[in-house]
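Participant: Take a look and give me a structure for this.
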Amino acid sequence: MTNLNIIIGLSNIFVGVVTIAVCLPLLKDKIQMNRWYGIRFRKSFESEENWYRINRYGAGRMIFWSVVIVLIGILTLFVPVGNKASLILIESLVPVILFIPAVESWLYARKL
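Facilitator: Have a look, this model is predicted:
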């Protein structure tokens, strides 16, 4: 295991854990409708019911995919990777992975 493994692994774990922490209040319906915090699609602002349903769904999907990011981080710490390019590729997947729940939430909001 190299220093790059440690840096990338810990950064993925950190991003995943912080994302989960930010999503928990949304999952528990603790955040009222606002313009700064939450899943803010046009459909979210049509009613309080939509706000809570979309944010609950989106937070659940974001938490699921954040767990995937944490697992990737843990694997990065323990699985030796052949070269720096592959580690950088792993690190560049994190924004793509976080894009998945955004799309899932958008599709869910469209169905409401």
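
Participant: helix/strand/coil for I39?
Facilitator: State at I39, reduced to three classes by DSSP: H, G, I helix; E, B strand; the rest coil: coil.

Participant: Contact partners for it?
Facilitator: By Cβ atoms under 8 Å, 6 or more residues apart in numbering, the residues touching I39 are L26, I54, N55, G58, A59, S105, A109. Bear in mind the C-beta positions are built from the backbone N, C-alpha and C, glycine included.

Participant: The fourth one is in contact with L26, isn't it?
Facilitator: Yes - counting by Cβ atoms under 8 Å, G58 sits close enough to L26 to count as a contact (7.0 Å).

Participant: what helix or strand is P25 on?
Facilitator: Secondary structure from DSSP states H and E places P25 in helix 3-27.

Participant: What helices and strands are in contact with that helix?
Facilitator: helix 48-78, helix 84-111 (3 or more Cβ pairs under 8 Å, 6 or more residues apart in numbering; DSSP states H and E).

Participant: Run the angle between the first one and helix 84-111 for me.
Facilitator: Read it as helix 48-78. 170 degrees (axes from the mean of the first three to the mean of the last three Cα atoms, to 10 degrees).

Participant: from the chain's centre, how far out does helix 48-78 sit?
Facilitator: For helix 48-78, the separation from the chain centroid amounts to 4 Å (computed by Cα atoms, centre = their mean, to the nearest Å).

Participant: what's the model's confidence in it, averaged?
Facilitator: Helix 48-78 comes out with an average pLDDT of 95.

Participant: Then stretch 8-27?
Facilitator: According to the model, stretch 8-27 has a mean pLDDT of 95.
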